[in-house]
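>>> Whatever this is, show me its structure:
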Amino acid sequence: MRARFCWAAAAICAAAAIVHAQERGPVAKGSLAWIASDRLDLVGGVAAELPLAEVGAWRVFASLEAVTAIEKSDANFTFLVDQVSYAASFGARRPMGDSGAIEIFGGEQGAMLVDAAGRARVRAIGVAWESRDHHRAFGPFGWSGRAAVAGVVEDHGVSAVATVSGEVRYIGPIGGERKVGLGVVGDVNALFGDDDGVDYTIGPRLELDLAGDRRMGIFVKWLHGGNPLGLATDGVLAGFDFAEGSHAEGARVTPPEISGSSSAGVGSGSRGLARIDIRVASPPFLRGTYAEIAVDGNVLTASDVNDLVYLYDVGVAHPFASWRAGGWFHHRSNHVLDGVNPTVTSINVLEGGVESSGWDRALPGGPSGGWGALDAQLRAGWLINSAFGEDADWHARAGVRWASPVLGAVRLYVTARLERGDVGGSAYAAGVMWPRGWDLRLEVLHDEQLYAADRRTGLAVVTLRY
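Here you go, the predicted structure:
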């Protein structure tokens, strides 16, 4: 698994060096659904398409998607995760006006069991067509869709020769302002070969325009899960999603906000890192207050154990000057990917705090001057429960980042993060901020919640924030 992370990091770094100024922005989506099935309770998903370059009329991109299947949570609000399905690819897309767009791509699609041994994947090269403005978050109204076919060049855990996927949707406007849409969406994802099977969903959805090519969707749909790389269950899903498209006109007003990051890295001790996170902030209410949710998924591989870490933050915040203050429920659960793990650990905290507007963002937002800019975060609160002994009834997280003035087109920075209470950890990094959200850093990480025997590691990480 380590070799895959090495190649992913190298490819992303190389692509970052050729990013063209005419590119459109990233595409991001996050969803959560309750499912009525015999095996699962919740299904959560995050996805992002990251622009890498414009080569003539072609948009070169990297695409990442992860779907987490959750069985249930126990009395301590520890999620029991069944599996993680994923897809990652590099591709190039060429628009053809009213005829839509064509695409060539190559990548990997797979599924891994969580806290149990088992994984399967295919690597494939293919072509796709999509209707015009398919990557708009809100709209287009009327009929739209996408179809893709790919030939499998390598498989593991399944025997397959091809993949086929597609989506058809009809969304009609409600009201004269055309800010609400109602329609039906269906999609299919099929695997052909000795281990063939088809996933398909169909159902109604309601879409709300959040401006700046952002939307909230509410949906109900029927799932048939026959693809061995999918959820492998049947049932009705009911949930919501948030999305940000690549067609914003002018600057986006925040909140509302849909943002996040994608990272890949390599490190010492056979380490590999993959991370995708998404943050959603509601439209403001009560003179600027807004609700927010952040979902952060991390995989840190090692020679003995592959750690899978989920972090969830749900709360409300209110801005003041270049800062914001608020209260959040913080949850972290720790799992093993593709390995037997009899005990899932977690920690739950009700916390309050402050942070600068640029904390964990692509650009500094805190106090600045000729000496650079400073961003910081401080959150602390009551430890609700923990799998680490509950020797303390409090928990705290803090961080600080200094960024230099602009040096040509880049900024240098250093950052430090600390976690203390019932369990601890730290991270120290130095790096370079590149234009358009790119970040390259060297990091030293110590995490007491990891299952790997070596809980300290050094990493070289490349990140795109959006």
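>>> List the beta-bridge partners for residue 379.
Going by DSSP bridges, residue 379 is paired in beta bridges with residue 353, residue 397.
>>> show me what contacts it?
Residue 379 makes contact with 328, 330, 351, 352, 353, 355, 396, 397, 398 under the criterion Cβ atoms under 8 Å, 6 or more residues apart in numbering. To be clear about C-beta, it is placed using only N, CA and C from the backbone, and glycine gets the same treatment.
>>> if we go to 10 Å?
Residues counted as contacts of residue 379 (Cβ atoms under 10 Å, 6 or more residues apart in numbering) are 313, 315, 326-328, 330, 349, 351-355, 395-399, 419.
>>> Kindly report the same for residue 461.
Contacts of residue 461 (Cβ under 10 Å, 6+ apart): 9, 263-267, 273, 275, 429, 431, 439-443, 445.
>>> next one: residue 411
Counted by Cβ under 10 Å, 6+ apart, residue 411 has contacts 363-364, 372-373, 402-405, 431-435, 439.
>>> any idea which of those residues is closest to residue 109?
residue 439 (27.2 Å; Cβ to Cβ).
>>> So the closest one, which state does it fall into?
Following DSSP: H, G, I helix; E, B strand; the rest coil, residue 439 is assigned to strand.
>>> Poorly predicted segments of the stretch 1-150 of the chain, please.
1-24, 72-77 (pLDDT under 70).
>>> now do 50
Applying pLDDT under 50 to the stretch 1-150 of the chain flags the ranges 1-3, 5-23.
>>> what about the helices in it?
2-16 (DSSP state H, counting those that start in this stretch).
>>> So which residues of it form strands?
Using DSSP state E, counting those that start in this stretch, the strands of the stretch 1-150 of the chain run over 27-36, 42-55, 58-73, 79-95, 101-113, 119-130, 142-156.
>>> Out of these, which is closest to residue 285?
Closest of the strands of the stretch 1-150 of the chain to residue 285 is strand 27-36, at 20.8 Å (criterion: Cβ to Cβ).
>>> Domain map for this structure?
Listed by automatic domain parsing, the domain ranges of the chain are 26-244, 257-465.
>>> Most neighbours of all the contacts of residue 461, which one?
residue 264 (27 neighbours; other Cβ atoms under 10 Å).
>>> Was I right to think it contacts residue 463?
Yes: with contact defined as Cβ atoms under 10 Å, residue 264 counts as touching residue 463 (8.3 Å).
>>> about what we covered before: what's the most distant pair in the contacts of residue 411?
Longest span within the contacts of residue 411, Cβ to Cβ: 402 and 435, 19.4 Å.
>>> rewinding a little: kindly reformat the strands of the stretch 1-150 of the chain as JSON lines containing distance to residue 411.
What follows is those, written out as JSON lines (distance: least, Cβ to Cβ, whole Å):
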{"stretch": "strand 27-36", "distance to residue 411": "23"}
{"stretch": "strand 42-55", "distance to residue 411": "20"}
{"stretch": "strand 58-73", "distance to residue 411": "23"}
{"stretch": "strand 79-95", "distance to residue 411": "27"}
{"stretch": "strand 101-113", "distance to residue 411": "32"}
{"stretch": "strand 119-130", "distance to residue 411": "36"}
{"stretch": "strand 142-156", "distance to residue 411": "38"}
